[in-house]
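Chemist: When you get a sec, could you give me coordinates for this:
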Amino acid sequence: MNSLALILALFAPAHPVLKPSIQYTLRVDSTDLSGWTVEIRLRTTSDTVRLAMAAHPEYDDRYWRYVREVAVDRGTVTRVDSAVWQVVAPRGAVTVRYRIALPPAEPGLRAAWRPFLTPTGGLIGGPHAFMYVLGAKDSTVMVTLRLPSSWEIATGLRDALPRGGQGTRRGSEREWWYAATDAATLVDSPILVGRLHEWRFVEGGVTHRVVYWPLPNATPFDTIAFVSGIQRLVHQTFALFGRAPYREYTFQFEDGAFGGGLEHRNSVTLGAQSADLARDPNAVIPETAHEFFHTWNLMAIRPVEYHDIDYRTQPPVSSLWFSEGLTMFYADLLVRRAGVPLRDSTRTAHLERLIGSYLANPAYARFSAESISQVAYNVQPGELGDYSASTHLQGELIGTMLDFIIRNSTNGQRSMDDVMRRLFEQASPPDPLSRRERGNVGVRIDGRVIEQAVESVCGCDVTPFFEAHVRRAAVIDFDRYLGLMGLTTRVTRGPAMYNGELERDLRIYGYESPSPDSGLRLVISNPTSIWGRAGLHSRDRLVGINGMPVRTWSELRAKLQALRLGDTVRVQVQRSAPARFEATVVVAGFERPTVRIERLPNATVAQRRLAEAAIF
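Modeler: I've put the predicted structure just below:
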């Protein structure tokens, strides 16, 4: 039996009549890096099959727009939806082929989760490459990669052969073989390829790979310190949860991409510019911590609204304040526990900055955490009108106050750590027996589930807190909860400063709507800004500034950056055609609150100990 036949035999579905056998082959031609080709071979019991491109729940790049040359042997292909193709062919063995033509590179640094190809490597796979078979999303699939022979691979997909994924050389190419247990795993496993550097370490009996793709002119950096910081972060995360929701894990770092990243079930894609790492080997640790913690708090502890895989846009999610906000909370906390220096020198300084940002933004007194969560992804900017809000900031502060409540109610015996462990246990029980006994397989979260977990840990009633700050929009009384730790805030307001100079009020930005002929739209992030007070509103279509047309966000940004205090700006916008509105704006500064956290003079010894345990 040859190798491919052996693979198919090992991973063939138990009931092929019900589940088609699915094999993918993705090929990158080193002489044409404008995209890649994909072949899908399946065995069906019907003469009609539908294929779809999955939509990512957070960053749906709509790569169905770049699918080209879809064809099937001995049949026809019809596009029945933007992201769905119908294949009609004789039942049995069916082969479908298509090409992904990568869009032109955008100016500036690349988003780390978006695919790319260069002569020395790139990022492929995931929802940007593979269609999945509708009605067969639970089928095991095989993946063959045909790549330039000098390239290596880093992916969360599992090797299809006992000796590993490396296959045979075929001229200037090499074949690699991988498997995925289902379609969701396939599209959730991006593949970093090229001339890679790799390091490994084991934590909790689990292998972790740190893989770095450098630019050809990469700046040398201290790789020992770089990997050591990641290893210490992983150690602290295991100390919190006790175990991992994966069998192995891959960190995929890319030079030439900005510091954003995207979490997956057993991997993460992250931008890490070598020049930044040369200045500080821990430069990307905060972002790494955030995305790595999402492995537990989003991928395992999963919102109830999340689809495992779907070609349709993810519906609004009401608990992102927890999934994102508590991940921000722990990204800061775990890095501090790991002993890695951060931008905010202390946990106190970090909270002071967060509270200051919260108090400076009137959106948090107008919109609840759940309502802000519901418009965090997959909506056009301006969904909150002339307000902008961060579910990350709001959620991190809510999590911090809940941590104070738990510590106070349990005399320091418990904290948010215990809530996270409880939710992880409910979402992913450690063994099949406990799953049967507890009956909580795959418990997903919403506000009520989170509230119940907090109450079960603290033995206290947090319903009033959730009603006020999660389901409604009451401003958080920080002194009330800091007081439990023997702390209080001192808030002063004054002119916003930047690098020792008065800061201009530039609380406005633009976005280019994907709708045809919709032009550049404005977003007013604060109605009390000079732009809001001048009568401009979010989603106004920008016609021009000072009589000159402005068509793109980059053009608008350049004009805004060129403004100086005292300048007068005439902003022409269009609302309902043909009506136009012109606002006259005088560039001025604005006020910003400064927060200092201080110890209450009557703080008790017990309160001081609670504050110290919370790293204050």
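
Chemist: make it CA atoms for all contacts and neighbour counts henceforth
Modeler: Noted.

Chemist: burial measure for residue 360, as a count.
Modeler: Counted with other CA atoms under 10 Å, residues neighbouring residue 360 total 16.

Chemist: which residues touch it?
Modeler: The neighbourhood of residue 360, defined by CA atoms under 8 Å, 6 or more residues apart in numbering, consists of 592-593.

Chemist: and what of residue 334?
Modeler: Residue 334 is in contact with 233, 236-237, 289, counting by CA under 8 Å, 6+ apart.

Chemist: Please repeat the previous calculation with a cut-off of 10 Å.
Modeler: Residue 334 makes contacts with 232-237, 239-240, 286, 289-290, 293, 340, as judged by CA atoms under 10 Å, 6 or more residues apart in numbering.

Chemist: where does it land in three-state SS?
Modeler: The three-state label given to residue 334 by DSSP: H, G, I helix; E, B strand; the rest coil is helix.

Chemist: Can you tell me the closest non-neighbouring residue to residue 199?
Modeler: Excluding the flanking residues, the one nearest residue 199 by CA to CA, 6 or more residues apart in numbering is residue 210, at 5.2 Å.

Chemist: and that neighbour, what element?
Modeler: Residue 210 is part of strand 206-213, with elements assigned from DSSP states H and E.

Chemist: picking up where we left off before, need the contacts of residue 334 in TSV (columns: neighbour count, pLDDT and distance to residue 193).
Modeler: What follows is those, written out as TSV (neighbours: other CA atoms under 10 Å; pLDDT from 0 to 100; distance: CA to CA, whole Å):
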residue	neighbour count	pLDDT	distance to residue 193
232	18	98	26
233	26	98	25
234	22	98	24
235	18	98	27
236	17	98	29
237	23	98	28
239	12	97	32
240	14	98	32
286	22	95	25
289	22	97	23
290	25	97	24
293	24	98	24
340	16	94	30
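
Chemist: Name the nearest of those residues relative to residue 43.
Modeler: Closest to residue 43 out of the contacts of residue 334 is residue 293 (39.0 Å), distances taken as CA to CA.

Chemist: So the closest one versus residue 82, what's the distance?
Modeler: 34 Å (CA to CA, to the nearest Å).

Chemist: How about residue 408?
Modeler: 53 Å.

Chemist: before we move on, what about residue 212?
Modeler: For residue 212 relative to residue 82 (CA to CA), the value is 35 Å.

Chemist: Look at these two and report which has more neighbours.
Modeler: residue 212 (24 against 13).

Chemist: so what's that one bridging to?
Modeler: Beta-bridge pairing for residue 212 (DSSP bridges): residue 197, residue 253.

Chemist: beta partners for the spatially closest residue to residue 69 that is not a sequence neighbour?
Modeler: Closest residue to residue 69 apart from its sequence neighbours, by CA to CA, 6+ apart: residue 98 at 5.2 Å. Residue 98 has the following beta-bridge partners by DSSP bridges: residue 38.

Chemist: At which residues are the helices of the stretch 301-450 of the chain located?
Modeler: 320-337, 347-359, 369-374, 391-409, 416-427, 432-438, 447-458 (DSSP state H, counting those that start in this stretch).

Chemist: how far away is the residue nearest to residue 69 from residue 135?
Modeler: Distance from residue 98 to residue 135, by CA to CA: 20 Å.

Chemist: Next up, phi/psi of the spatially most central residue of the chain, please.
Modeler: With distances taken as CA atoms, centre = their mean, the residue of the chain nearest its centroid is residue 262 (4.3 Å). Main-chain torsions, residue 262, degrees, to the nearest 10: phi -140, psi 130.

Chemist: quick one: pLDDT of it?
Modeler: At residue 262, the pLDDT value in this model is 94.

Chemist: That one bridge partners, please.
Modeler: residue 269.

Chemist: Provide a list of residues in contact with it.
Modeler: Counted by CA under 10 Å, 6+ apart, residue 262 has contacts 58-59, 111-114, 268-271, 287-288, 290-292, 294.

Chemist: same check, this time on residue 31
Modeler: Residue 31 sits next to 119, 148 when contact means CA under 10 Å, 6+ apart.

Chemist: and residue 133, how far is that from residue 140?
Modeler: Per CA to CA, residue 133 is found 11 Å from residue 140.

Chemist: Name the helix or strand of this structure that has the lowest mean pLDDT.
Modeler: None of the helices or strands of the chain scores lower by mean pLDDT, DSSP states H and E than helix 432-438, at a mean of 41.

Chemist: Can you say which of the contacts of residue 262 are buried?
Modeler: 111-114, 268-271, 287-288, 290-292, 294 (16 or more other CA atoms under 10 Å).

Chemist: Among these, which ones are in helices?
Modeler: Using DSSP state H, 287-288, 290-292 are the members of the buried ones among the contacts of residue 262 that sit in helices.

Chemist: any chance of the residues you listed in JSON lines, plus distance to residue 314?
Modeler: As requested, those are exported to JSON lines (distance: CA to CA, whole Å):
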{"residue": "287", "distance to residue 314": "24"}
{"residue": "288", "distance to residue 314": "25"}
{"residue": "290", "distance to residue 314": "22"}
{"residue": "291", "distance to residue 314": "20"}
{"residue": "292", "distance to residue 314": "22"}
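
Chemist: Give me the below-cutoff pLDDT ranges for the stretch 451-600 of the chain.
Modeler: Residues of the stretch 451-600 of the chain meeting the criterion pLDDT under 70: 515-517, 577.

Chemist: can you pull out the strands in it?
Modeler: 487-495, 497-498, 501-502, 508-512, 520-524, 541-545, 548-549, 568-574, 580-586, 591-599 (DSSP state E, counting those that start in this stretch).
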